[in-house]
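*Asks:* any chance you could fold what I've pasted below:
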Amino acid sequence: MSEFVEIKTADLIGAALDWAVGYSVRWHDVESRDAWARDWLRYYSPSTDGAYGGPLIEKYAVTLTPFAISFDGDPSYWLAQPWDQRVMPVDGPTHLIAACRAIVASVLGETVSVPKELV
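*Replies:* Residues are numbered from 1 along each chain as shown. The predicted structure is shown next:
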């Protein structure tokens, strides 16, 4: 993976979001991005797996609020406020996606460069 594209943090989803979270919390070194993506993305999925995402919500003190409620009473959209109150809240269709976007926004900002093949 050598080509990167810039994407808004609020638009991250799937493998691109998982990669950005991993990069935010584990690898800030540009030289290690490619190796990390190859080795870890096979199973690291904090945006869909609570075993990975849950501890990050606690570690980074992300506040989650249901934003819209569906007819069956379940939250259908979530608002996440990162621990860094200077960063605007972000949203997502699940609490894990919203929390992951909040973490990436707090560490990397409103836009992030991700491997092109993950978008």
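
*Asks:* can you pull out the strands in this structure?
*Replies:* 4-8, 63-69, 75-81, 90-92, 111-115 (DSSP state E).

*Asks:* low-confidence ranges in this structure?
*Replies:* Residue ranges of the chain with pLDDT under 70: 1-2, 27-41, 68-75, 85.

*Asks:* which residue would you name as the spatial centre of it?
*Replies:* residue 100 (2.8 Å; CA atoms, centre = their mean).

*Asks:* tell me the contacts of it?
*Replies:* Residue 100 makes contact with 12, 17-18, 20-21, 46-47, 53, 56, 92, according to CB atoms under 8 Å, 6 or more residues apart in numbering. All C-beta spots, glycine's among them, are computed from the backbone N, C-alpha and C.

*Asks:* with residue 44 instead?
*Replies:* 18, 22, 52.
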